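1. the sequence isn't on hand, but the structure is:
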């Protein structure tokens, strides 16, 4: 009988120890999960900051490039008019070549603006999709 009581006590101790270890394990897993979520949020925030900086730089670059092309176009048109008035065919040809080059630059600018707008739309669509995903996952995790 004494052996039975001792056996029960050791089984209770073992169960208590197992429960304690499981609690510690669960706390550790919860802490790891919380740390992972915090890290992911930090990375996301940093990523957003980099995207914002890149967008600002891109807009600044596009604005500067557009201003430069516009100025060059105005100068080339003036040079063309002056060469035409002076009857200087060499300067006329140079001005026409400059205008042709500027037309190429304007097309590059248009294409770059188009790409930037497309990237902004894709980014917005990704953001919207990312915001909708947690909403869609919430019901499925509560039913599981």
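-> Yep, it's here. Since the structure is predicted, the reported quantities are computational estimates derived from the model, not experimental observations. Numbering: from 1, shown residues only.
2. what about the residue nearest the centre of the chain, distance to residue 99?
-> Nearest to the mean C-alpha position of the chain, by CA atoms, centre = their mean, lies residue 51 at 4.5 Å. According to CB to CB, to the nearest Å, residue 51 stands 37 Å off from residue 99. C-beta coordinates here come from the backbone N, C-alpha and C atoms, glycine included.
3. following element in sequence after the longest helix seen in the chain, please.
-> Of all the elements of type helix in the chain, the one with the most residues (DSSP state H) is helix 2-86. Using DSSP states H and E, the helix or strand that follows helix 2-86 towards the C-terminus is helix 89-143.
4. now for that next one, which elements pack on it?
-> helix 2-86 (3 or more CB pairs under 8 Å, 6 or more residues apart in numbering; DSSP states H and E).
5. next, residue 87: phi, psi?
-> Note on residue 87: its backbone torsions stand at phi 70, psi 20 [degrees, to the nearest 10].
6. which non-adjacent residue is nearest the residue nearest to the centre of the chain?
-> Once flanking residues are discounted, residue 51 sits nearest to residue 123: 7.2 Å by CB to CB, 6 or more residues apart in numbering.
7. having no further points to raise, I will conclude here.
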